[in-house]
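J.: Just need the structure, nothing else, for what follows:
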Amino acid sequence: MVLGFSIALIVFSLLLMLLVLMHKGKGGGLSDMFGGGMQSSVGGSSVAERNLDRITIVVGVLWFASIVVLGLLMKSNG
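T.: All right, here's what the predicted structure looks like:
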């Protein structure tokens, strides 16, 4: 069980790092390559950027949850 959550933590960490790097900075990001860099007048950001935000938040929550569960498992095994 600990091994499974350790592997999940590694996968979530790498995925979270990739997603954060894809976000648009001052000069534009990887999401502009797919969205064309078009700005919406209503939302202020493209649909791709908003979806990237949502995916990043979900992966971040899963990353945090796997850390908590792994900590509880290691505490109970030790």
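J.: Buried residues, the strand or helix carrying residue 11. List them.
T.: Element membership for residue 11 (DSSP states H and E) is helix 2-22. For helix 2-22, burial by neighbour count (16 or more other C-beta atoms under 10 Å) applies to 5, 8-9, 12, 15-16, 19, 22. (Each C-beta comes from the backbone N, C-alpha and C, glycine too.)
J.: got the contact list for it?
T.: The contact list for helix 2-22, computed with C-beta atoms under 8 Å, 6 or more residues apart in numbering, reads 29-31, 52, 55-56, 59-60, 62-63, 66-67, 69-70, 73-74, 77.
J.: Just the buried ones from these?
T.: Buried by 16+ other C-beta under 10 Å: 29, 31, 52, 56, 59, 62-63, 66, 69-70, out of the contacts of helix 2-22.
J.: Which of those residues fall within helices?
T.: 31, 52, 56, 59, 62-63, 66, 69-70 (DSSP state H).
J.: how much space between residue 24 and residue 52?
T.: Using C-beta to C-beta, to the nearest Å, residue 24 is found at 8 Å from residue 52.
J.: Kindly report the same for residue 17.
T.: 14 Å.
J.: Tell me how many other residues crowd residue 57.
T.: Neighbours of residue 57 under the rule other C-beta atoms under 10 Å: 11.
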